[in-house]
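In: After the sequence you'll find the predicted model.
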Amino acid sequence: MGELLWAVALALVAWVLIVGKLVGRRWPAWHWYLSGYPVMAVRVLVTWRKVCHVNDLTVSYQPSRRLLGDLVVRGEALRGITPRARIPLPVPGGLRLRVRLLPGQTPARFLEAAEAMAHAWRAHSVRVTSPERGVVVIVVSARDPLAEPHDDGKGRTGLLAAVLGRLETGAVWTLDFRRVPHWLVVGATRSGKSTLLARLVSQLAPQPVALVGIDCKGGMELGLFAERLSVLATTRRQALAVLGELVNEMQRRMITCRFAGVRSIWDLEEETRPVPVVVLVDELAELYLTNGSREDRAEAERCSTHLLRLAQLGAALGVHLVIAGQRVGSDLGPGVTALRAQLGGRICHRVNDPGTAEMALGDLHKDAVAVAQSIRPDEEGVAVTGADSGGWVRGRSYLTTPDQAREAALTHADHTPRLPMLTIAVELSEES
């Protein structure tokens, strides 16, 4: 009888292991909810009190001074009160724990203890946020949600929107120019910045949108999409001509809106609405760096002025900016800081200097700067970006190879709007 029970037990264990592998392979989400989440939830609840005591997340309301005979002894209570944590709720690939802070506590201590929590709970990462006063939300990820994101084609886009990849929350990473009109994208070499731009062009290529490229490195990057670009500037002189004509185009659109009695081109009738324009600037530093000559400085200052003008007024007039660079800092000139203030969308890949991460994220999300600087070289495509809720989140763009991007540009070349004034401006700049 005992041998039969052992045989049945072994058979059940083998069956569970086989079924578990099958479910994990075919339905990873269900596998997590049925097996991974319960184990981690129990681990979090069992160790919560100990984790709080070890990481100084408790509070004591006992007096810190005691009278011992004729001596006054000062110290801290050996056993404090632990903040109350609710039952962890499952999320894709992890769980969410809501904690009510005790009087006198701040989220800063929990932020500092995030790494210790990840080790204690054997998790990939722990992120702490404070959505409201007196509350912290701890999101625990059992595995890296950005390890290998695959485009499943489920992301939906509209006009001037592009699906870039996946966010660590499991949601689709979408860049929407109608919601956030201008973007700053920074990243070192091989950080994934060029891949993100290629993905963006591939997503916008089928749409009725004019794409204007400014690549002062001879067009090495944006030249791959030349068939889908309405115009491509490969020198600063050409870029100055294109930006100047775009400012003139913006003035014409302002006159159109004024006579129509509207405040935006989106309030115009569709048949009279000008085509939206997305300006892609690859390597901003090439527009700002000078050789010291008066003419060179004047050219750079005019480029800076035009970009700032487009950023200030372009949202309502259908002119949008995507400014990319390996290094963006105030040392490029005072115009860079002013331009940065107008670029509400921020995407920061791995960077080589802390100043660039600070320039990209520091004025919006101080705590995101350290996260951006912790991106490893092997995490190509991973970036920190602003979220729709006003916070920040990590994301990873889908891999788009140069061949795929060029194929998309060729396939949709017939969608390219013609902007003759920009083409003429480039030609005249070459003759001057």
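Out: Here it is on my side, so go on.

In: Next, the buried residues of whichever strand or helix holds T256.
Out: Element membership of T256 [criterion: DSSP states H and E] is helix 236-260. Within helix 236-260, the residues that qualify as buried by neighbour count (16 or more other Cβ atoms under 10 Å) are 236-247, 249-250, 253, 256-257. Bear in mind the C-beta positions are built from the backbone N, C-alpha and C, glycine included.

In: got it, and stretch 415-427?
Out: Residues 415-416, 419, 422, 425-426 are the ones in stretch 415-427 that count as buried (16+ other Cβ under 10 Å).

In: Would you format the residues you listed as CSV with pLDDT and secondary structure included?
Out: Conversion of those to CSV gives the following (pLDDT from 0 to 100; DSSP: H, G, I helix; E, B strand; the rest coil):
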residue, pLDDT, secondary structure
H415, 86, helix
T416, 92, coil
L419, 87, coil
L422, 82, helix
A425, 79, helix
V426, 80, helix
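
In: Give me the nearest residue to P402, chain neighbours excluded.
Out: Leaving aside its sequence neighbours, P402 sits nearest to L224 (Cβ to Cβ, 6 or more residues apart in numbering; 5.6 Å).

In: For that neighbour, the count of nearby residues, please.
Out: Per other Cβ atoms under 10 Å, the neighbour tally for L224 reads 22.

In: Wasn't it part of a strand?
Out: No: when classified by DSSP: H, G, I helix; E, B strand; the rest coil, L224 is found to be helix rather than part of a strand.

In: Quick check: it touching A408?
Out: No: contact criterion Cβ atoms under 8 Å: L224 and A408 do not qualify, at 9.9 Å.

In: quick revisit: what's the helix holding T256 packed up against?
Out: In terms of contacts (3 or more Cβ pairs under 8 Å, 6 or more residues apart in numbering; DSSP states H and E), helix 236-260 is packed against strand 210-215, strand 231-233, strand 277-282, helix 285-288, helix 294-317, strand 319-325, helix 420-431.

In: Need the mean per-residue confidence for that helix.
Out: When pLDDT is averaged over helix 236-260, the result is 94.

In: Can you tell me what sits against it?
Out: With contact meaning Cβ atoms under 8 Å, 6 or more residues apart in numbering, helix 236-260 is reached by 212, 214, 216, 231, 233, 263-265, 267-268, 272, 274, 277, 279, 281, 286-287, 299-300, 302-303, 306-307, 309-310, 313-314, 316-319, 419, 421-422, 425-426, 428-430, 432.

In: For the helices and strands packed on helix 236-260, give me TSV that also has distance to L111.
Out: Shown next, in TSV, are these (distance: least, Cβ to Cβ, whole Å):
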stretch	distance to L111
strand 210-215	39
strand 231-233	44
strand 277-282	35
helix 285-288	33
helix 294-317	33
strand 319-325	29
helix 420-431	48
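
In: just the helices in the stretch 1-150 of the chain please.
Out: In the stretch 1-150 of the chain, the helices defined using DSSP state H, counting those that start in this stretch lie at 2-26, 28-31, 37-54, 107-112, 114-120.

In: Check the ones you listed for me: which has the lowest mean pLDDT.
Out: Ranked on mean pLDDT, the bottom entry among the helices of the stretch 1-150 of the chain is helix 2-26, at a mean of 55.

In: what about stretch 182-194, distance to the chain center?
Out: Remark: stretch 182-194 is offset 10 Å from the chain centroid, using Cα atoms, centre = their mean, to the nearest Å.
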